[in-house]
Every structure is written in structure tokens, then in C-alpha cells.
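**Q** Fold the stuff below for me.
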Amino acid sequence: MEPTLSQYLLVSGALFAIGLLGVIVRRNLLIIYMSLELMLNAANVALVAMSRFNEKAETALDGQVMVFFIITVAAAEVSVGLALIVALYRKRQTTDVADLATMKL
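**A** Numbers count the residues shown, from 1 in each chain. Okay, here's the model as predicted:
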């Protein structure tokens, strides 16, 4: 039994909703960052599913090529984002967003 496109999109939507909920509800900077990455991966699942179920043979890999670029950008984002989080933690000794909102230059 093969999964259908709607099942892939349902899983992708659920992952995106969980990531969005994590961004809205949580106050820890690392959890927010992981939730953003979960949202990116949900978009990747949707793109690969749409690419797989595309009827045109000449554009069958478009979604997968886009996923490759998204993963490349996400890797750069991880390195910069984690460096910023580590620098903020060293300066303030906290990753709570409410404590970081009061930062001044």
C-alpha cells in the first residue's frame, strides 16, 4: 500500500503546525530555533511529495532540486543561528526570550 499525496501533505501540515506552535508558545531560544527547523523540514516534505506525484516527466525533479537548495540554506542558517545563540548565552547566561528582549547596546 503506497501513501497518497494527501497523506504526505497531511503529515507535512502537521509538522508545520507543531513547529508553528513551538515558535508561538515556547520562550526558550533553542526550542524556538528547533521549531523553525521543523517548519523548514515540513516544507521540504511537501515539496518532495509534490515533485514525486507530478505528472510531467520533464519537471519531475523540480521539487527535489528546491529541497536541495533549502537544505543548503538551512545548514548555513544553523551555523549562524547557533553561533548567535551561544554568544547571547555567554553574555547573558540565559536563553529565555523575555530576558533577551531587554538587551541594550
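
**Q** Outside of the lowest-mean-pLDDT helix or strand in the chain itself, which residues are in contact with it?
**A** Across the helices and strands of the chain, the lowest-confidence element by mean pLDDT, DSSP states H and E is helix 97-100, at a mean of 75. With CB atoms under 8 Å, 6 or more residues apart in numbering as the test, helix 97-100 has contacts from 27-29, 32, 88, 92, 94. Yep, even glycine has a C-beta here, placed from its N, CA and C like the rest.

**Q** What residues sit buried inside the helix or strand where Gln7 lies?
**A** Element membership for Gln7, per DSSP states H and E: helix 5-25. By neighbour count on 16 or more other CB atoms under 10 Å, the buried set for helix 5-25 is 8-9, 12, 15-16, 19, 22-23.

**Q** before we move on, what about stretch 77-90?
**A** Neighbour-count burial for stretch 77-90 flags 81, 85, 88 (criterion: 16+ other CB under 10 Å).
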